[in-house]
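Trainee: My questions concern the predicted model and sequence given below.
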Amino acid sequence: MPLEVNEKTARTHRIDWAGIFVNLLLPLAGILMALLIGAIMLIILKVNPLTAYAELVKGAFGSASGITQTLVKATPLLLVGLGICIAFRASVINIGGEGQIIAGAIAATWWPLTFRTWPGWILLPTTLIVGFAAGAAWGFIPGILKARLKVNEILSTVMMNAIAIQTMNLLIRSVLMDPAGVTAGTYLAQSERLPEQVWLVRLVPQTLLHAGSLIAVVLAVLVYIFLWRTTLGYRIRAVGFNPEAARFSGINVPFNQALALTLAGGFSGIAGAIEVLGVQHRLLEGITGGYGFSGIVAALFGGLHPLGTIPASILFGALLVGGDSMQRAVQVPNSLISAILGLVVLFVVGSALWTRRWTAKRQIAAMKKGEGQL
Amino acid sequence: AAPTAAPTQAKAFRIAVVMPSATTDMAFSQSMWNALVTIQKEMGGEAALEIKYSENMFNVPDAATAIRDYASQGFDVVIAHGSQYGSSVQEIAKDFPKTTFAWGTDVNTFGMPNVYAYTAAAEEGGYVNGVLAAKLTKSKTIGVTGPVEVGDAKTYIDGFVQGVAAVDPTIKVSKTWTGSFSDVALMTEAAKTHIAAGADILTGSSQSVVGSIGAAKDAGNVLWFGTQQDQASLAPNLVVASQVYDWTGMLREIIASNKAGTLGGKTYTLHLSNDGLKIAYNSGYALPADVKAVGDKAIADIISGAVKVEP
Amino acid sequence: MTSDITANAAIKIQRMEMCDITKTFPGVLANDCVCFDINQGEVHALLGENGAGKSTLMRQLYGLYKPDGGEIKINGRVVSFNSPADAIAAGIGMIHQHFMLVPTLTVAENVALGLKSTREPLKDLDRVSKRIDQLSKLYGLKVDPSNYIWQLSVGEQQRVEIIKALYRGASLIILDEPTAVLTPQEVDDLFNTFKQMAKDGHALVFISHKLNEVLAISQRVTVLRDGRVIGTRNTNEVNKNELVKMMVGREVRPLAPQPLKSGPVCLEIQGMKAMGDRGTEALRGIDLQIHSSEIVGLAGVSGNGQRELAECLAGVRRVTAGTILIDGMDTTSMGVKDRVDAGLAYIPEERMRDGAIREFSVEENIFLHDHASPGFTHGIFLDFARMKDFAVSLVQSFSVKTPSLDTPIKNLSGGNIQKLIMARELSRKPKLLLAAQPTRGVDIGATEYIHQRLLQQRAEGTAILLISEDLDEIIELSDRIAVLYEGRIMGIVERNQATQEQIGLMMAGISMSEAMQH
Amino acid sequence: MSELLQVSVIVGILTSAIRLATPYLYAAIGETFAQSSGVLNLGVDGIMLVSAYASFFVVLHTGNLWLGLLAAIIVGLLMGLLMSFISVTLKAEQGISGIGLYMFGLGLSSLLFKTTIGTVKTVTGFQPVKIPLLGDIPFLGKIFFNQSLLVYGAFLLVPIAWWVLEKTTWGLKIKSVGQNPAAADSLGVSVDRVRYVSVCLGAILAGIAGASLSISLLNLFQDNLTAGQGFIAVALVYFGGWRPVGVLWGAMLFSIVNAFQLWVQVLGVKIPSDVAIMLPYLLTIAALAITTNRGRQPAALNKPFERGES
Ligand SMILES: Nc1ncnc2c1ncn2[C@@H]1O[C@H](COP(=O)(O)OP(=O)(O)OP(=O)(O)O)[C@@H](O)[C@H]1O
Ligand SMILES: Nc1ncnc2c1ncn2[C@@H]1O[C@H](COP(=O)(O)OP(=O)(O)OP(=O)(O)O)[C@@H](O)[C@H]1O
Ligand SMILES: [Mg+2]
Ligand SMILES: [Mg+2]
């Protein structure tokens, strides 16, 4: 039987334009549905929805500052999303992004303030590593509790979020509190500003777009390589799909689940560190920006694929930025945007059914055509 | 709703405000919002003063975008109403030298001619409230419910404790913190715990104290002292007095200077002495005249400098 | 529902006809104008290779799928089912190929599920239990209604499935491979039940890959191939070879393994004990030796420790006492990986659960053990080029039917998945192979292929432990046969030294010396 | 520390704990139903928020508490239908649809609050009702028998939920659909219908949880009133091992420790307030880590069911 495997498999690796089209089109339809309902709400609020949505698009993509702002938002979403890709691929549900971001942010504040005399070329990378390590530690705790004591990770990560917030409160009103605030008698809930050599460089002047976005994209590629090209990633995916089969082939299931949670925590930790180093330049209340949750949405929109998460977080970031801009332009309450975003999430996941059915049909059809050839 | 272009001769003065919480928070953001609305009425409505706002901007990059956007839209004054917005103001103000930026609460104008900083000496009203509370307590136990021990939640409460101690150092003031600015349920339970422990007067700070006020109201005979906003409407019989942040004086001055060509460079601190802080006695509560006299004396002493309250 | 049968479930199905049933799945014609009929009191067997369309046909009768074309008539009236509820109301019951039981509930609860209780909204389990007892007496289906499903052996679970159908008053019962997981004794008992049911006027559709069973129980047999009916015959007018030819389209020769001189001891188990999932001791001291170039068949009724034995050897279950030596090396406390390195290969019983990852591609499944072995990695990175070459050669040499190496294996048929697992395990040239139920539910063609491969492996010097509940298979392939009963080995006999009956007695717990006197 | 052992303090802790536990109990028992049928609903907090708003709004305008409660139930039902439609009919990934529902509820409740009420107001909610005789028992009477109707309701819900799940045919259906939907389907049980009912029942209870805050315990509405209680409630379902009694223990443990830490602060025990606030979270994890008897997770939890698969 002469084999044309290489040619055949090569063919399946070719870019699947129809697939990409459907995978984009249906979510877009979902977004449109949500915007349609949002339009009704806008009309009730006596706002012309067309003006409002024009502002939304203009705000997100219509200007250099809008685009950079979208990318600034997308950065932590992508970083948290990368961790979520790893965790969900191992079939552990990590709701602890918020706490892990805080852990990373705390560490990334404390470290440069402690070693403020170090030059930037050493201080910045070490700060990122420390941020990663702190987030990883925050993910490791639920990880080890799951591996060793079978504590459900949804419960522990939810609880760890609250614990992280209180830890931050404690530090920010004591050892990390800005001495200037104490002197001035304002006692603001923020740390001292970080030394400038540790700030991430701005990619576009007069905007907030910082080098963290590039770091995030590089990390996305690395996570892709990690999950699909390395033995560790292979094991994590095997554990996620079928823990029993993984166990039977000698893969340590609890270890890999704990590892996945730890890595997920690490990526959220980097997200926190990069928010501190690139945007805020200090630790303050509300540092997470809710990215611990919206990062989950970004990752799932991206099909739990690190590279898919890149456009997904940009899309989600654009909705957030455009939403704010729309709020400024037509002066509707900010909460309307949150409500519409919620609907976007609901309808986009809802649309996945058709995408899935369509893909399955094509797969089977392709399979039947090819059956027996190999 | 969007303001319709007024066919008046004079162009409207334009102010934009960016706030970390909602305009309805009964606390910090609402105090600024109410002041702006008051000023707008004074000046003659939307035709004379256009106000735009961005609320719930707890995320700093979002706020920064909003601040920059308002500045580039040509607003005369952009108010960054959150201490976390400092770095953003510092950066953006450089790029818009013709725009006035006001930010608070902080005291730092970064040495820029177009930046105002503002803050409130919350400890002063705290002190007055403390003096009044010490006079009114029968159980000699007072409960304080706060979110996190930072910012004006801290300075107000520190002032309050000093006020109580000035009257009677044996009075017990116990404090609870809930660790959250928004957890109303826990704040309520904290207040109920104080009541169960014998407190007959409560005070506290942050938007979640609406829960504490509710607890006082449920108990029926527990008095409340407010801060940031006049909170009498929430318990008309039980709120004795509230320290009110009144930003209108500052706003008037900023607007007038702006029209006259001065764009910033100054720090405002709300004090009792400059009418930025006011003690709003609740008319629904029959405050004995002698107690009120002690309160008024404390106010006068602070204004005159005879009493110094440490933040 | 168009007929009045729902209104009166008591009406017996005297005759059921399926005419010109057509069902397409995306890209495949699963049933192509299939006609099938059955009468009251009849056992009608349905035969065909994996993927021939048997389950699909019956799922339409049970309301799980809607036919694209054709009609179903019951007692001459056209009916149409939108869901299993309609089919159940019409008097149809189905025992599924994969058990449909809720493990965390009791037998009675599983039976009562979906039925109206006499005490709505409360459950009436006492009444249900009583009726279960009646039914089990009537048909010889021994089961305790208050037991939880997870406590039951596979055979008992099968009985619960049948009770579920009978309880609902089904007069036509579809049995989709009901014997695939049963022991000969259990099959005999089950057949008695079926005969009793047929005598009572039930109509039974019987699907199996085992021709002996079909010949033993059915009155008529219909053969499907590629979704089409090849023919319907009276069972007493056909023989095995004819049926095989109808199914496969060619003759299948029986194997005749040549005796081989076995080599040195490869596996040595001494006094091995282990606990089972239910917390009782499942293995109570196993002593067994297997030589190179030898197949030892492990016979036994399911639930007597086969699974635990295999898992202990594979390294996924803790051994509480005793030792396991592979080639003289003590592997008792080694992990899976080290054992694999020591030369062990394992084909697990639950292949979809334990042996393969449905969502992984053919290629990824091939490297489940070996993804980290130096031959396929550069440091921590996988070496795709070499993996691909190797995967191609394996898929080719084991004739696994797959459209590409990137196809997720959930899209492969059961037989092909099993071949793939075999290919993976044998590719490492193991010293010792554990094959647990390697041909369960696999069609004749694939079974033949797998058997050939096992013998070839034996010829290459591998020691093989063949665990099977198919006694024919064990007798056909093994050099020696060990019988497992309640966690102990009752005895080990050379091939041809014991009859099927004698082995069956040992499986029932009769000691070897007694059994051999029969 | 010895002050904490005074009877009055212990009575105080328990009285507080019972109030604190009330919303958790409604929400977590509701979630127990949803999860038992195989649906993970992470949107509990969003449902609580919109229902809390709705009941508050109705009470503010009509003064009728029962109408308010009804409003919460209707809102809960509607949001439950939305969740079921997305996750059951459209078979979407459940975790993410729940997060979407949460975002929607958070935004909608705040939007409505702002546009229809505008500022924080208070209403007179359900008042404590002393149960005759029992309410007069020293100490215990104050703790257990002098609470508001919705508090009693929350605790009564525990045996009722247990009864429904363990004794009724509906409970049987819910559990089997959560464990093995294909089996239930093959016996003519409509998996989708059972899941719809369970999710909606859960959502209605989440709605009552919201109402218990806005018209019984706090008697006001404010942006993000729940402050994440819905997520804690979901966590408590895992703590309780999908058993109502387990959920009760979890909710009580969490609430007792929370009440305890407030007393620790009030009595001026010298530990940082932030550490005190962490205690309930820490102890809940610790308690789960050291207990061994954990319920069995519904095998089909978080797995959409489609006939013909598997
Ligand atoms: N749910 C489904 N979706 C798509 N195709 C299916 C589905 N079920 C079955 N098929 C197709 O229908 C064909 C017939 O499958 P069916 O399960 O009826 O085979 P079978 O005869 O029961 O095989 P086996 O002996 O393995 O049980 C298969 O080849 C398969 O391609
Ligand atoms: N959901 C599905 N999608 C695509 N193909 C399917 C699906 N379900 C079943 N099939 C096809 O049906 C055929 C047989 O399916 P089935 O599930 O009966 O196999 P099986 O029972 O695992 O095999 P065996 O009878 O060998 O144990 C396979 O060829 C498979 O490709
Ligand atoms: Mg089949
Ligand atoms: Mg089969």
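Mentor: Noted; the coordinates are in hand. Ligands and ions are numbered 1, 2, ... in the order given.
Trainee: Quick check: the residue in chain C positioned nearest to ligand 4 vs ligand 3, distance?
Mentor: Nearest to ligand 4 in chain C, going by C-beta to the ion, is C:Gly441, at a distance of 4.4 Å. In this view, the C-beta of every residue, glycine as well, is placed from N, C-alpha and C. Counting by C-beta to the ion, to the nearest Å, the gap from C:Gly441 to ligand 3 is 8 Å.
Trainee: My read is that D:Leu49 contacts D:Thr226, right?
Mentor: Yes. The criterion here is C-beta atoms under 8 Å, and D:Leu49 meets it with D:Thr226 at 5.6 Å.
Trainee: joint contacts of the two?
Mentor: D:Gly210 (C-beta atoms under 8 Å, 6 or more residues apart in numbering or on different chains).
Trainee: if I pick C:Arg428, what's in contact with it?
Mentor: Here C:Arg428 is in contact with C:340, C:343, C:345, C:369-370 (C-beta under 8 Å, 6+ apart).
Trainee: can I assume C:Val493 sits in a helix?
Mentor: No. Counting by DSSP: H, G, I helix; E, B strand; the rest coil, C:Val493 is not part of a helix but strand.
Trainee: ok, so of the contacts of C:Arg428, who is nearest chain A?
Mentor: Set against chain A, the nearest of the contacts of C:Arg428 by C-beta to the nearest C-beta is C:His369 (4.9 Å).
Trainee: and the closest one, how many residues sit next to it?
Mentor: 22 (other C-beta atoms under 10 Å in any protein chain shown).
Trainee: what's the nearest residue to it if we skip its chain neighbours?
Mentor: A:Ser249 (4.9 Å; C-beta to C-beta, 6 or more residues apart in numbering or on different chains).
Trainee: That neighbour and chain B, how far apart?
Mentor: 45 Å (C-beta to the nearest C-beta, to the nearest Å).
Trainee: before we move on, what about A:Leu219?
Mentor: Distance from A:Leu219 to chain B, by C-beta to the nearest C-beta: 20 Å.
Trainee: Number of residues surrounding that residue?
Mentor: 19.
Trainee: for chain D, which spans come out with low pLDDT?
Mentor: D:1-2, D:293-294, D:308-310 (pLDDT under 70).
Trainee: Name the residue of it that lies nearest to chain C.
Mentor: Closest point on chain D to chain C, by C-beta to the nearest C-beta, is D:Gly188, at 3.1 Å.
Trainee: Now for that residue: which residues touch it?
Mentor: Residues near D:Gly188 by C-beta under 8 Å, 6+ apart: C:83-89, C:114.
Trainee: Out of those, which comes closest to chain B?
Mentor: Nearest to chain B among these, with distances taken as C-beta to the nearest C-beta, is C:Gly114, at 41.9 Å.
Trainee: can I assume that closest one sits in a strand?
Mentor: No. Counting by three-state DSSP, C:Gly114 is not part of a strand but coil.
Trainee: In contact with it, which residues?
Mentor: C:Gly114 neighbours (C-beta under 8 Å, 6+ apart): C:85, D:173, D:184, D:187-189.
Trainee: what are the phi and psi angles of the closest residue to it other than its chain neighbours?
Mentor: Distances taken as C-beta to C-beta, 6+ apart put D:Leu187 closest to C:Gly114, at 3.9 Å, once the chain neighbours are dropped. Backbone torsions of D:Leu187, given as degrees, to the nearest 10, read phi -100, psi 10.
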